[in-house]
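Asker: Sequence and predicted structure, then a few things I'm wondering about:
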2 protein chains.
Amino acid sequence: MDTHITQLGQARLGIITPLMKRVAASEGVPDALLMRRIKEGTIVIPHNVHRVVKRPCAVGLGLRTKVNANIGTSTDKSETAEELRKLEAAERYGADTVMDLSIGSQIKQIRQQILSASSVPVGTVPIYEISVNAAVSHNDYLNFDIQNVLKILREQAEDGVDFFTIHAGVTRKALGILKKQKRLLGIVSRGGAILSCWMSKHKKENPFYEYFDLILDIAEEFDITLSLGDGLRPGSILDATDKPQLEELKTLGELARRARKRNVQVIIEGPGHVPLGQIKKNVLLEKRICRGAPFYVLGPLVTDVASGYDHISGAIGGALAASYGADFLCYLTPAEHLKHPSIEDVRDGVIASKIAAHAADIVKGMPAVKEWDRKMSEARRQRNWEKQIALSVDPQKAGALRNVSQPRLPDVCTMCGEYCSIKITQEAYP
Amino acid sequence: MDTHITQLGQARLGIITPLMKRVAASEGVPDALLMRRIKEGTIVIPHNVHRVVKRPCAVGLGLRTKVNANIGTSTDKSETAEELRKLEAAERYGADTVMDLSIGSQIKQIRQQILSASSVPVGTVPIYEISVNAAVSHNDYLNFDIQNVLKILREQAEDGVDFFTIHAGVTRKALGILKKQKRLLGIVSRGGAILSCWMSKHKKENPFYEYFDLILDIAEEFDITLSLGDGLRPGSILDATDKPQLEELKTLGELARRARKRNVQVIIEGPGHVPLGQIKKNVLLEKRICRGAPFYVLGPLVTDVASGYDHISGAIGGALAASYGADFLCYLTPAEHLKHPSIEDVRDGVIASKIAAHAADIVKGMPAVKEWDRKMSEARRQRNWEKQIALSVDPQKAGALRNVSQPRLPDVCTMCGEYCSIKITQEAYP
């Protein structure tokens, strides 16, 4: 095995790879800057050496905020064709990556189909397949050991998965702290919950933590980016930024250091449910503790009560988090906390996160990002409706809204009609 | 005329009125605190002495952030029944106030019906009726004078309107500054645009500015709250916080001072299109220049490109603005920039703004506000779906989403099914 095979390994030798060049060009940043940041661990390129990604991307400092869409089957709803349609919708509306979180039947087949259909990097949470296999083989989803873990990691790596979420920070120590904490909601991460149940049942340390070096072997071999999951993230804004969460973050910082030493790229996952006023602190803590590793947040949701509209609650938190330096937003759909998402939910989730990411990028110091807004404002000044619709974050919906409500005067809309402020002032000041 | 008739006049004499008592109770703040803040101008109660408001509210410092829904006809779409249904939807989803922005036919009749049906305070923008009357009578929407202005203000006051938006800050001086500014979009306020056209045509000062004392006479007589409109608000994030906007804000601060001297309550209206990073500055500037007057923001929209989803862009900006001290959020609907809103658009707009307001109130230092989130999180811990649905910001939508996707196990949802993190951890740690 060539120890220089990973992007990080090459960056450390000062090599700018063709992939770095390609990504740097698509981001509009200098190659050397991208390489330097990969080297220091503030940027990653999730990309498995066994897979060709049509639209690769990098995640991290100084780059456009990226959006991930979760797809995949559930035990209650498992139709491959439906998940492939969600993948298509996620890509169409601008997801930069997708994660296949399938926990239904035929996980391997679905993953292979998603990997084959996806133009963007694909992530997984391998503990799901490990548990589901245990449930199928032994009728006990907790009946697995480190050998089963490594076997599935290798299989998924060989399939071409670009990034793995592993919940290696759910340690015995962290669970001890959690036990003393009076949380409203203990563990709301599915992976974190499975591992904590396994640890409780087998009275053992988290295998992802205990055998982290063996996991790094696989990650390094395939140049898979590790997304260090937050299994102890808060599930209520009243639990946010508490001791178990921070204990886990400290562990993730330590694991990130170990991964980088082994030339494995890392992302840190973050909350979750966080009140508006604690978002900045959460971002700055992650950046400090994990030495600038890309921060991948789930939302954050700024209230617990928005069931049916968690994409909006998550867009508020995501915009704010990204404006403070979060790099990667995991979308939330209107179905969050209620059901397995539909294709429409996927669309709504991706678009809400894209709006949040763009709003943050405007203030993250990427001047080129504003050009989109400038063009839209120019189209508004010209009252050019075709252009406005084409420039919308969702031309299909914008066009449909205009079509159902045609104005009498073609150059205005039905809100203001002949009193269109832009039209009347242009007539008054020609 | 009794000069003590207004709430502000009475507060200045140290009198706690029955209305203050009622509102203080509904807000959970001490009567004396509410009275003191009305006296200092940091809280207002929009309420016309000619009208009984079933659900009055106060707006300002230390109170729950309020949400306004704009309804009303357009020249292209003018059906009274439809607007009354929008009123009903706005109230059902939690709007604290509504504004009737009708510019179609029969403005007076529609207003009277809205006033009669509304349980919440109703605002208007009187320049609309003034212009539409001029258009009907003289075939020229700019053919009006101060007498027409005062006549309509008095008629609307007699009908019982609780607050007026008047664009008195669009002065000749401000328009001179605007002319020199290279804005992407000059004037995007309908009222501001009408007045600037009138001023340009008649070569006169803005009548709302020039005859502000006569307007104060009417406002004082009926205890109508003046919402000092921002006719020069930016219509693109690239125009935000520019000289014309700040010149107008300075004028509004001066007019606020004059209004308070006359015992007239004032709110200050604010932008508009503002990048995330300028929202704090906008709120703090308003608070300083207008000496703590309640700040009523339209969004703000954090990007120009979200046509079809401006309720989300507005919720991001609104949550942030309110967390910094904005008091009153004017909703935006998905139809913004595209068409006259439907009833569904009104629902989506109100709910997005309610989520933003609640997210801000959680961090505004109102501990009671979090109880809603606590109850929701407890219902989640109990996996009590009925309670979760009842506690959602929109029980109807949350219930419908759950109904279309019933899990096999009744105590989980179809997202995680039997791998529900809450369920499995409760089973592992009984």
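Answerer: Happy to help now that I have it. Numbering: from 1, shown residues only, chains lettered A, B, ... in the order given.
Asker: Every contact and neighbour count from this point should use C-alpha atoms.
Answerer: Fine.
Asker: Distance from the chain centre to whichever helix or strand residue A:257 is part of, please.
Answerer: Secondary structure assignment for residue A:257, by DSSP states H and E: helix A:243-261. Taking Cα atoms, centre = their mean, to the nearest Å, one finds the center of helix A:243-261 at 19 Å from the center of the full chain.
Asker: Could you export stretch A:419-430 as PDB, CA atoms only?
Answerer: Written as PDB, here are the backbone C-alpha positions of stretch A:419-430 (Å, rounded to 0.1, in the frame of the first residue of the first chain):
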ATOM      1  CA  TYR A 419     -48.800  50.100  -8.900                       C
ATOM      2  CA  CYS A 420     -45.600  48.100  -9.300                       C
ATOM      3  CA  SER A 421     -43.000  50.300  -7.500                       C
ATOM      4  CA  ILE A 422     -40.300  49.500 -10.000                       C
ATOM      5  CA  LYS A 423     -42.500  50.400 -13.000                       C
ATOM      6  CA  ILE A 424     -44.000  53.600 -11.700                       C
ATOM      7  CA  THR A 425     -40.700  55.000 -10.600                       C
ATOM      8  CA  GLN A 426     -39.100  54.200 -13.900                       C
ATOM      9  CA  GLU A 427     -42.000  56.000 -15.600                       C
ATOM     10  CA  ALA A 428     -41.600  59.000 -13.300                       C
ATOM     11  CA  TYR A 429     -37.800  59.200 -13.600                       C
ATOM     12  CA  PRO A 430     -37.200  58.000 -17.100                       C
END
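Asker: Mind listing what's buried along it?
Answerer: For stretch A:419-430, burial by neighbour count (16 or more other Cα atoms under 10 Å in any protein chain shown) applies to A:419-426.
Asker: what separates residue A:377 from residue A:422, distance-wise?
Answerer: 11 Å (Cα to Cα, to the nearest Å).
Asker: So which of the buried residues of stretch A:419-430 sit within helices?
Answerer: Among the buried residues of stretch A:419-430, the members falling in helices (DSSP state H) are A:421-426.
Asker: which one among those gets closest to residue A:398?
Answerer: Minimum distance to residue A:398 across those is 19.4 Å, recorded for residue A:422 (Cα to Cα).
Asker: check contacts around that closest one.
Answerer: Residue A:422 sits next to A:381, A:383, B:185-188, B:193 when contact means Cα atoms under 8 Å, 6 or more residues apart in numbering or on different chains.
Asker: mean confidence for stretch A:310-327?
Answerer: Averaging pLDDT along stretch A:310-327 gives 98.
Asker: Mind listing residues that contact stretch A:38-58?
Answerer: With Cα under 8 Å, 6+ apart as the test, stretch A:38-58 has contacts from A:7-9, A:11-12, A:23, A:34, A:37, A:59-61, A:96, A:118-121, A:157-163, A:222-225, A:260, A:265-267, A:291-294.
Asker: Break chain A down into its structural domains.
Answerer: Domains of chain A are assigned by automatic domain parsing as A:62-365, A:368-428.
Asker: Most tightly packed of these?
Answerer: domain A:62-365 (a mean of 23; mean count of other Cα atoms under 10 Å in any protein chain shown).
Asker: Run the chain-centre distance for that domain.
Answerer: 7 Å.
Asker: Which helix or strand in chain A has the lowest average pLDDT?
Answerer: helix A:421-428 (a mean of 92; mean pLDDT, DSSP states H and E).
Asker: Show me how far it is from its chain's centre.
Answerer: Put simply, helix A:421-428 sits 44 Å off its chain's centre (Cα atoms, centre = their mean).
Asker: ranges for the strands of the stretch 1-150 of chain A?
Answerer: Remark: strands assigned in the stretch 1-150 of chain A by DSSP state E, counting those that start in this stretch are A:43-44, A:59-60, A:66-71, A:97-100, A:122-124.
Asker: Just put those in CSV and tack on mean pLDDT.
Answerer: Shown next, in CSV, are the strands of the stretch 1-150 of chain A (pLDDT from 0 to 100):
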stretch, mean pLDDT
strand A:43-44, 98
strand A:59-60, 98
strand A:66-71, 98
strand A:97-100, 98
strand A:122-124, 98
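Asker: Can you lay out these as JSON lines showing distance to residue B:272?
Answerer: Below are the strands of the stretch 1-150 of chain A laid out as JSON lines (distance: least, Cα to Cα, whole Å):
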{"stretch": "strand A:43-44", "distance to residue B:272": "35"}
{"stretch": "strand A:59-60", "distance to residue B:272": "31"}
{"stretch": "strand A:66-71", "distance to residue B:272": "26"}
{"stretch": "strand A:97-100", "distance to residue B:272": "32"}
{"stretch": "strand A:122-124", "distance to residue B:272": "38"}
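Asker: Residue A:269: what secondary structure?
Answerer: Using DSSP: H, G, I helix; E, B strand; the rest coil, the structure places residue A:269 in strand.
Asker: Can you spell out which residues form a bridge with it?
Answerer: residue A:296 (DSSP bridges).
Asker: Spit out the contact partners of it.
Answerer: Going by Cα under 8 Å, 6+ apart, residue A:269 touches A:227-230, A:295-298.
Asker: All the helices of the stretch 201-350 of chain A, residue numbers only.
Answerer: Along the stretch 201-350 of chain A, the stretches classed as helices by DSSP state H, counting those that start in this stretch are A:207-210, A:212-222, A:243-261, A:279-289, A:310-323, A:343-363.
Asker: Mind checking the ones you listed for the one nearest to residue B:145?
Answerer: Residue B:145 lies closest, by Cα to Cα, to one member of those: helix A:343-363, at 42.8 Å.
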